[in-house]
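Novice: Let's see this in three dimensions:
(one chain, ligands or ions: 1)
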Amino acid sequence: MSVQAIAERVRAGGRVSDREALELYADAPTALLGRLADTIRARKHPDGIVTYIIDRNVNYTNVCVARCAFCAFYRPVGAADGYVLGFDELFRKIDETIEVGGVQLLLQGGHNPDLPLAWYEDLFRAVKTRYPDVKLHALSPPELLHLSRLSRLPVAAVVERLVAAGLDSVPGGGAEILVDRVRRLLNCESKATADEWLSVMRTAHEAGLRTTATMMYGSVERPDERVEHLCRLRALQDETGGFTAFITWSYQPPNTELGGAEATGIEYLRTLALSRIVLDNVDNVQASWVTQGGKVGQLSLAFGANDMGSVMIEENVVRAAGAAYCMDEVEIVRNIEDAGFVPRRRNMVYDLLGAPLYRERAIPRRLALDVARAPGDDAVPAELAQYPARSRVGKNARARRT
Ligand code: SF4
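Specialist: The predicted structure follows:
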């Protein structure tokens, strides 16, 4: 089928096959891809509203046994600069988040063998006791799988226990590209195969949790594998309807084992537009301005995105790979309005929470992103001594403290 014929079908509201998606991706002019994605965005969001959420992205530990080749964030067990945040540190971060109008904590971290399931349950309960209104958007599928393996419990049982402790929703991290050939090359097949990632999401959806879905492109995958990734997400969404939103970002090569070059802004916009076209059953598509910068983030609103993601207060993962852009609420709103849209705050399930908060009350401006830990701070939280460690290094460290 010609590109024009496929475009006509998309305009009429039809679904594209994987072959047609690949044809569009390879041959359609960038402006056409953008117009098609924008048509779908306008059909799904005719009110011209562009949303964002005020939350905080906290990485509770950087210690990880998975060792993905694309990751500049993790530290091996026993590394001098490996950390686990204490409950008190997390409470302070939540206090700061609430101060700027935040409604949620996005909590993700490394696969730390010395943090058992009970640590997560206790943390979630402590957060919910102190902050009953703060939502916990926590633990991507590979982290849930890691906890399932560590505790020798089925994923469904882990999810059930975490929900009982306060888990509200699951972020879609760790998907990278849902093709095992790619996952082997990225050394992330053992943390979760493509089927395992999808299966954890299915389990979460069946437990009543809403989740997001993601794609990290631009490492070692081929264009047809990006399309396969999107089609697999679309198939699961047909089955469960559990994804609230899709987010794609480009692989960030600096400081990684894999190395290489970063995809360009045009490739980002083409990939974003293709995602909007293929994922016809996902309502919301986010702009990834943290990796692409505010300008490309703003352009994303003409290439299918209807959401500016999070007003970031803290970011550690992208920063470890060299750069992370920062925009506070004032700056995000300026970008949305300048692009001709109406800014609205939202929560994780896309309920509208209201107009920009800073117009209603004075909130502190945040012009630089925080980090999980100040450099050189190697404090070990006191409560860790209560939990059994799995690694030899962790067992020795805890034996010394007791
Ligand atoms: S991407 Fe996540 S799982 Fe992979 S090494 Fe980094 S922290 Fe660990």
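Novice: how about low-confidence regions in this protein?
Specialist: Where the chain drops to pLDDT under 70, the residues are 315-316, 318-319, 321-324, 401-402.
Novice: What is the distance between the longest strand seen in it and the centre of its chain?
Specialist: Ranked by number of residues, the top strand in the chain under DSSP state E is strand 49-59. The chain centre lies 11 Å from the centre of strand 49-59; the measure is Cα atoms, centre = their mean, to the nearest Å.
Novice: How about stretch 208-224?
Specialist: For stretch 208-224, the distance from its own C-alpha centre to the chain's C-alpha centre is 10 Å (Cα atoms, centre = their mean).
Novice: need the helices for the stretch 151-300 of the chain, in chain order.
Specialist: Per DSSP state H, counting those that start in this stretch, the stretch 151-300 of the chain carries helices over the ranges 155-165, 180-185, 194-206, 223-240, 265-278, 289-299.
Novice: Show the contacting residues for the residue in the stretch 151-300 of the chain that the ligand sits nearest to.
Specialist: The nearest approach of the stretch 151-300 of the chain to the ligand comes at residue 191, 5.2 Å away (Cβ to the nearest ligand atom). All C-beta atoms are positioned from the backbone trio N, CA, C, and that covers glycine. If you count contacts by Cβ atoms under 8 Å, 6 or more residues apart in numbering, residue 191 has them with 66, 68, 111, 142, 145-146, 174.
Novice: Arrange the residues you listed in CSV, one row each, with distance to residue 359, secondary structure and neighbour count as further columns.
Specialist: What follows is these, written out as CSV (distance: Cβ to Cβ, whole Å; DSSP: H, G, I helix; E, B strand; the rest coil; neighbours: other Cβ atoms under 10 Å):
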residue, distance to residue 359, secondary structure, neighbour count
66, 43, coil, 17
68, 41, coil, 25
111, 42, coil, 23
142, 39, helix, 24
145, 43, helix, 22
146, 42, helix, 24
174, 37, coil, 25
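Novice: which two from those residues end up farthest apart in space?
Specialist: 68 and 145 (13.8 Å; Cβ to Cβ).
Novice: Stretch 309-328: end-to-end distance?
Specialist: 12 Å (Cα to Cα, to the nearest Å).
Novice: what's near enough to touch the closest residue to the ligand within the stretch 251-400 of the chain?
Specialist: Nearest to the ligand in the stretch 251-400 of the chain, going by Cβ to the nearest ligand atom, is residue 317, at a distance of 7.4 Å. Residues in contact with residue 317, defined by Cβ under 8 Å, 6+ apart, are 59, 71-73.
Novice: what do you get for residue 113?
Specialist: 65, 77, 150, 389-391, 394.
Novice: Show me which residues of this protein are close to the ligand?
Specialist: Applying Cβ under 6 Å from any ligand atom, one finds that the chain approaches the ligand through 64, 66-68, 71, 73-74, 110-111, 142, 188, 191.
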